[in-house]
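Trainee: Fold the following, please.
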Amino acid sequence: MTMELTTTLALAVLGFLEVLAFVYLWRTNRRLDAVTRKLQAEIAGTRAELEEKCRALNQRIDEMTEEMRKRIRDANQRLDETIETQRLLEDLNDINDRVQCLRTPGGMSKRVHRSDHRP
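Mentor: Numbers count the residues shown, from 1 in each chain. Below is the predicted model of the structure:
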């Protein structure tokens, strides 16, 4: 009878430990579920904040891109004007070279040279 009592007592203790383990696992799962929900809420908040910052950054990049394009257009226009001015100067030099042949060896135009000798 002691053997049966010992076996029954051991089975009862093991059953109690099993129930205790299941209760502990159930409470742990509830805690994990609560932590999971909290983390999901924080992740959602962080994701929304990050998306807002990305939108603001994209808007700033678009603004800077447009500003840079405007500057490039203005610089290109100034460059075109400079090139055109340089061409005009080269044309003036070509015209001046052709006019040089009408000048006297001293470099004065014939008209000025003649007017200097007039009384």
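Trainee: Spell out for me which residue occupies the centre of the chain.
Mentor: The structure's the chain has its C-alpha centroid closest to Ile61; by CA atoms, centre = their mean the separation is 5.3 Å.
Trainee: Can you get me the centre-to-centre distance for the strand or helix carrying that residue and its chain?
Mentor: Assigned by DSSP states H and E, Ile61 belongs to helix 2-100. Distance of helix 2-100 from the chain centroid (CA atoms, centre = their mean, to the nearest Å) equals 12 Å.
Trainee: helices or strands up against it?
Mentor: Helices and strands touching helix 2-100, by 3 or more CB pairs under 8 Å, 6 or more residues apart in numbering; DSSP states H and E: there are none. To be clear about C-beta, it is placed using only N, CA and C from the backbone, and glycine gets the same treatment.
Trainee: Could you check the pLDDT of Arg29?
Mentor: In this structure residue 29 is Asn, not Arg. On the pLDDT scale, Asn29 is placed at 97.
Trainee: What distance do you get for it to Thr36?
Mentor: Applying CB to CB, to the nearest Å, the value for Asn29 to Thr36 is 10 Å.
Trainee: With Ala48 instead?
Mentor: For Ala48, the distance to Thr36 - CB to CB - is 19 Å.
Trainee: Also Thr82?
Mentor: 66 Å.
Trainee: ditto for Gly45
Mentor: The gap separating Gly45 from Thr36 is 15 Å, by CB to CB.
Trainee: State the mean pLDDT of stretch 67-80.
Mentor: The average pLDDT for stretch 67-80 rounds to 96.
Trainee: Which positions within it qualify as buried?
Mentor: When burial is assessed from 16 or more other CB atoms under 10 Å, stretch 67-80 yields no buried residues.
Trainee: quick one: contacts of that stretch?
Mentor: Counting by CB atoms under 8 Å, 6 or more residues apart in numbering, stretch 67-80 makes contact with no residue outside itself.
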